[in-house]
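Undergrad: Could you look at this predicted model? Sequence included:
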Amino acid sequence: MIRYPAFDPPEYVNWKPDPGVIEQYQRTIESDPERHKPIRALSCEQLLSLYAGLLRNRLHDIALKRWVKQGVISKSWLGLGEEAATIGPVHALNRGNGGGECDFVSPMIRNAGACHEMGMPVADMLRGYLGTADSPTRGRDLHIGDHAHGVLAPISPVGVMVPVTAGVALAFRMRNEPRVALTWVGDGSTKSGPFHEGLNFASVQNLPLIVIVQNNQVALGTPLDRYHRGSFLAMSAVYGLPGAVFDGNNVLDAYAAVKLASDAARGGQGPFLLVAETFRMGGHATHDEREARETFSADMFEYWGKRDPIALFENYLVEDTMDLENGRRVRRTSALRERNIAVLAALEERIIAEVDNAAEEALTSFRERMPAPASAESGVYADNENLTAELAARER
C-alpha cells in the first residue's frame with residue numbers, strides 16, 4: 001500500500017513485514033478451529049471487500065488530517081491503527097439498506113469506517129466535519145449516522161451508547177426480527193455507569209447485542225495501567241454473558257469473533273462482550289499528537305507500528321493461496337504472488353479515487369451549501385401534524 005510521510009506515523013512509512021509478527025498473525029487465524037472456519041469460508045470477493053474497507057477507512061482519516069494541516073478544519077478524531085477493530089466486525093454483520101434484515105451499529109467517532117462500510121457515502125461523512133447544509137445532520141453536528149443504512153450517530157459520553165444500543169436490540173427482539181445491534185466503547189468508557197447499566201440490562205433481557213471494548217491502551221491522555229487492573233473480559237462473567245478477546249489489529253480475527261457472536265445472538269444466545277486489543281497510533285485527536293508521543297515510550301509505538309492492520313492483511317493476501325484475480329485457491333507460486341500484488345494495487349487506486357472524489361464533493365458543499373441562519377430552528381421542535389400523520393401511517 002502507498003505510504004504518506006506527511007500523514008502516516010513514522011513507524012508506518014517504512015513498514016516491512018516482521019517475521020515474528022507475521023507468524024503470530026497466521027497463528028492467531030489458525031489456532032482456534034471455531035474462528036478459523038468462518039475465515040476459510042470467506043470468498044475472494046469478501047476478502048477484497050475487507051481490504052477495500054480498511055483502505056477506505058485509512059484514507060478517510062488521512063483526508064481529515066490533510067484538512068487540519070490545510071486549515072480547513074481545526075481538528076479531527078482518527079482511528080489510525082485501529083481500522084481492523086472496526087472493519088472486521090462490520091463485515092461480519094448483515095448489511096443492507098437499513099430495512100429488512102439489516103443489522104445496526106453504533107460507532108464511536110473514531111469508528112468512522114463503520115459508517116462507510118454500512119453504506120453511507122464517504123462524501124456525506126466528510127460533509128459532517130464541514131457542517132454543510134447537505135451533511136447528514138444538516139450542519140448541526142459532526143457526530144453522524146443514518147438509520148437508512150443501519151448507523152446510529154455516536155454519542156460524546158461514549159458509555160451511554162451501550163444502553164442506547166441495547167434499546168435498539170430490545171426493539172429487534174420485541175418485533176421478532178432476526179437482527180443484531182453492535183456498539184464499540186473505549187477502554188476508558190468501561191468506567192462509566194451507563195456502560196455497566198446497559199450490559200446488565202442487555203444480559204437480563206437476553207438481547208441480541210454485541211458490545212466491543214476497544215482497548216487502545218489509553219483513555220484520553222491517561223495510560224491504561226493508571227485506571228484499570230485485570231482483564232476487561234472478566235466483566236462478561238460479572239454480568240453472566242459470553243465473552244471473548246480478539247486481536248484488534250487482525251481483521252480476520254476481528255471478523256471471525258463477531259461473526260460467531262452475531263450468529264449466536266441472532267439465534268437468541270446474546271448478548272456478547274468482546275474485547276479488541278489494539279493501539280491508537282496518535283493522539284485523542286489531531287491537536288494532541290505530541291501528547292500521545294510523550295505519554296507512551298518509543299518502544300510502544302515501535303511494537304504496534306509493526307502491527308499495522310492494513311499492512312498485515314495486505315501481506316496475508318499477497319502470500320495466501322487465494323488467487324485474487326480468478327477467485328479460487330491454487331498452489332502458492334511467485335507468479336501468484338505478483339498477480340495478487342497487482343490486484344491489490346489496482347484496488348487501492350480505485351479507493352484513492354473514490355475518497356479523493358468524495359473530498360472534492362464535500363469541499364464543493366463547503367463552498368456552496370452552508371446552512372442558512374434561518375434554518376437554525378428547523379428540526380429543533382417536533383412537528384405535531386407531521387408526527388401524527390407518520391404514526392397513523394405506521395398503524396395502517
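TA: Here it is on my side, so go on.

Undergrad: going forward, measure contacts and count neighbours with C-alpha atoms only.
TA: OK.

Undergrad: gap between stretch 268-275 and the chain center?
TA: Distance of stretch 268-275 from the chain centroid (C-alpha atoms, centre = their mean, to the nearest Å) equals 18 Å.

Undergrad: mind checking the end-to-end distance for it?
TA: Start to finish, the residues bounding stretch 268-275 are 21 Å apart (C-alpha to C-alpha, to the nearest Å).

Undergrad: Show me the contact partners of it.
TA: The contact list for stretch 268-275 (C-alpha atoms under 8 Å, 6 or more residues apart in numbering) reads 202-203, 206-215, 232-233, 236, 241-246, 257, 261, 264-265.

Undergrad: Flag every buried residue along it.
TA: For stretch 268-275, burial by neighbour count (16 or more other C-alpha atoms under 10 Å) applies to Gln269, Gly270, Pro271, Phe272, Leu273, Leu274, Val275.

Undergrad: Quick check: the first one is in a helix.
TA: Think Gln269. No: secondary structure assignment (DSSP: H, G, I helix; E, B strand; the rest coil) places Gln269 in coil, not in a helix.

Undergrad: Backbone torsions only: list them for it.
TA: phi -110, psi 20 (degrees, to the nearest 10).

Undergrad: and the gap between it and Val180?
TA: From Gln269 to Val180 the distance is 11 Å (C-alpha to C-alpha).

Undergrad: Just the contacts of stretch 268-275: which are in strands?
TA: Secondary structure from DSSP state E places Leu209, Ile210, Val211, Ile212, Val213, Gln214, Asn215, Gly243, Ala244, Val245, Phe246 of the contacts of stretch 268-275 in strands.

Undergrad: Which residue ranges of this structure form strands?
TA: Under the criterion DSSP E, the chain contains strands at 104-106, 181-186, 209-215, 218-219, 222-223, 243-247, 272-277, 322-323, 328-329.

Undergrad: Which among these is found nearest to Arg339?
TA: In terms of C-alpha to C-alpha, the element of the strands of the chain nearest to Arg339 is strand 322-323, at 7.7 Å.

Undergrad: how far is that closest one from where the chain is centred?
TA: Its chain's average C-alpha position is 26 Å from that of strand 322-323, according to C-alpha atoms, centre = their mean.

Undergrad: What is that strand packed up against?
TA: Identification of packing neighbours for strand 322-323 by 3 or more C-alpha pairs under 8 Å, 6 or more residues apart in numbering; DSSP states H and E yields strand 328-329, helix 334-368.

Undergrad: how about JSON lines for the ones you listed, with distance to His196 and mean neighbour count added?
TA: As requested, those are exported to JSON lines (distance: least, C-alpha to C-alpha, whole Å; neighbours: other C-alpha atoms under 10 Å):
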{"stretch": "strand 328-329", "distance to His196": "45", "mean neighbour count": "12"}
{"stretch": "helix 334-368", "distance to His196": "38", "mean neighbour count": "16"}
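
Undergrad: Reformat the ones you listed as TSV; add distance to Cys115.
TA: What follows is the helices and strands packed on strand 322-323, written out as TSV (distance: least, C-alpha to C-alpha, whole Å):
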stretch	distance to Cys115
strand 328-329	30
helix 334-368	14
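
Undergrad: thinking again about what came up before, quick check: which of the strands of the chain is nearest to Glu377?
TA: strand 104-106 (26.6 Å).

Undergrad: Quickly list what's touching both of Gln269 and Val180.
TA: Joint contacts of Gln269 and Val180 (C-alpha under 8 Å, 6+ apart) are Pro208.

Undergrad: out of the ones in strands among the contacts of stretch 268-275, which is most surrounded?
TA: Within the ones in strands among the contacts of stretch 268-275, most neighbours by other C-alpha atoms under 10 Å means Leu209, with 33 neighbours.
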